[in-house]
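Engineer: Provided below are the primary sequence and the corresponding predicted coordinates.
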Amino acid sequence: MTSHKNLTHANPWIVASLLVLLLLAMAASCLLGAVDFHARDILQSPIFWQLRLPRVIMSVLVGAVLSVCGAAYQSIFRNPLTDPYVLGVSSGASLGAAVAILLGLEAWLWGVGGMALAAALVTVLFIYRIASIGNRMHTTTLLLTGVCLTLLISAVISFLMVLNQEKMDAIIFWTMGSFGSCAWSDVAAMVPVALVGIGVVLYFGRDLNLLLAGSEAAQSMGVEVEKVKRTLLAVTTLMVAFAVSSCGVIGFVGLIVPHAVRLVVGADNRRVVPYSALCGALFVLVCDTLARTLLRPSELPVGSLTSIIGAPLFIYLLYKNKKSI
């Protein structure tokens with residue numbers, strides 16, 4: 001195993017600045033919504049404690065998780081277009097959520113979320129099983145199986161919606177992502193998963209850098225390639241599965257945030273991972289705040305806004321940095 005001294009090369013001043021900006025954005029987001037508060041009255045409001053604060057915290061956690069997982073996947077698969085949902089996590093979770101909605105489990109504690117989490121994990125375990133050859137994991141087979149199974153599950157969900165059109169709106173809204181139903185129980189489940197998971201990815205930052213050069217090169221540098229890949233894929237899959245089960249599918253975050261960070265700070269994952277966590281948290285928080293304030297009291301699906309806002313910014317960064325790509 002490679003040495004893990006100097007776990008992060010991130011500039012502490014940049015990290016501190018991003019953290020302060022994130023905290024200020026969280027405070028501002030808590031004041032905004034269908035019901036307006038004065039700052040001095042907000043702490044006495046049950047809406048703040050039971051609805052807004054858990055929602056704000058959850059959006060930060062999910063944004064950080066998706067961005068960090070995207071950064072890890074892009075290094076493991078050596079593909080800048082890889083996102084956290086490539087292994088079928090989102091499709092499996094969507095199928096589980098669709099079945100739960102059709103069975104009327106929305107009122108149950110963790111009814112939809114629990115089914116989504118279980119289905120996501122079963123889907124990914126199935127994909128891992130197909131792609132494993134002995135103790136080795138064939139990454140190309142892993143990606144192709146994930147893509148094929150995602151298409152198959154999407155077709156099954158469409159078929160279920162056609163047969164149950166009265167539930168179609170609920171299923172579609174879930175698959176487009178929303179933090180509207182997040183509660184403290186979701187935050188309590190997500191916090192340890194996010195903190196431990198991001199810590200693990202940070203720990204393997206140097207190994208991720210070496211994996212970018214290829215498995216053989218990484219092996220020659222002392223990286224236990226298969227062990228590192230299995231560990232990181234297991235941890236990141238669990239992180240994404242918890243995120244999706246809590247708030248639905250929020251696309252584009254895990255693709256654009258780490259890629260944009262790389263365009264700005266370079267490819268070293270010891271910088272990319274912490275910056276991606278903070279930028280992803282801020283990005284999803286801003287998108288969710290806009291989702292619940294632009295058309296209030298109605299609410300937009302946050303997954304749509306992440307794509308609408310993120311895609312033009314991403315294209316602009318690509319255009320400005322096309323000579324270095």
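Structural biologist: Nice, thanks for sending it over.
Engineer: buried stuff in stretch 173-192?
Structural biologist: Under the neighbour-count criterion of 16 or more other Cβ atoms under 10 Å, stretch 173-192 has 173-183, 186-187, 189-190 buried. Heads up, the C-betas are built off the backbone N, CA and C, glycines and all.
Engineer: Okay, helices next: where are they in the protein?
Structural biologist: Secondary structure of the chain by DSSP state H: the helices cover 12-31, 46-47, 53-76, 89-102, 111-131, 139-163, 168-175, 184-203, 205-211, 215-220, 225-247, 253-265, 269-293, 302-320.
Engineer: Out of the ones you listed, the one nearest residue 83 is which?
Structural biologist: If you check each of those against residue 83 by Cβ to Cβ, helix 253-265 wins as the nearest, at 4.1 Å.
Engineer: Find the nearest non-adjacent residue to residue 63, please.
Structural biologist: In space, residue 63 comes closest to residue 284 once its chain neighbours are excluded; the distance is 3.0 Å by Cβ to Cβ, 6 or more residues apart in numbering.
Engineer: Now stretch 159-168: average pLDDT?
Structural biologist: Average pLDDT, stretch 159-168: 86.
Engineer: Now the terminal residues of it, how far apart.
Structural biologist: Counting by Cα to Cα, to the nearest Å, you get 11 Å between the two ends of stretch 159-168.
Engineer: Show me what counts as buried in it.
Structural biologist: 160, 161, 167, 168.
Engineer: how near is the residue lying closest to the first one once chain neighbours are set aside to residue 255?
Structural biologist: Nearest residue to residue 160 in three dimensions, chain neighbours excluded: residue 98, at 5.6 Å (Cβ to Cβ, 6+ apart). Shown here: residue 98 relative to residue 255, a distance of 24 Å by Cβ to Cβ, to the nearest Å.
Engineer: quick one on the thing from earlier: could the buried residues of stretch 159-168 be laid out in a markdown table, adding distance to residue 28?
Structural biologist: Formatted as a markdown table, these follow (distance: Cβ to Cβ, whole Å):
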| residue | distance to residue 28 |
| --- | --- |
| 160 | 40 |
| 161 | 37 |
| 167 | 36 |
| 168 | 35 |
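Engineer: which sections of the stretch 201-325 of the chain are below the confidence cut-off?
Structural biologist: Along the stretch 201-325 of the chain, the parts satisfying pLDDT under 70 run over 321-325.
Engineer: repeat that with 80
Structural biologist: Within the stretch 201-325 of the chain, the segments meeting pLDDT under 80 span 214-216, 218, 222, 296-297, 310-311, 313-314, 316-325.
Engineer: circling back to that earlier point, which single one of the buried residues of stretch 173-192 is nearest to residue 36?
Structural biologist: Taking Cβ to Cβ as the measure, residue 36 sits nearest to residue 180 out of these, at 18.2 Å.
Engineer: Next, give phi and psi for the closest one.
Structural biologist: When read as degrees, to the nearest 10, the backbone of residue 180 gives phi -60, psi -30.
Engineer: Look up how far residue 309 lies from the closest residue to it other than its chain neighbours.
Structural biologist: Ranked by Cβ to Cβ, 6+ apart and with sequence neighbours excluded, the top spatial neighbour of residue 180 is residue 299, at 6.0 Å. Distance of residue 299 to residue 309, given as Cβ to Cβ: 16 Å.
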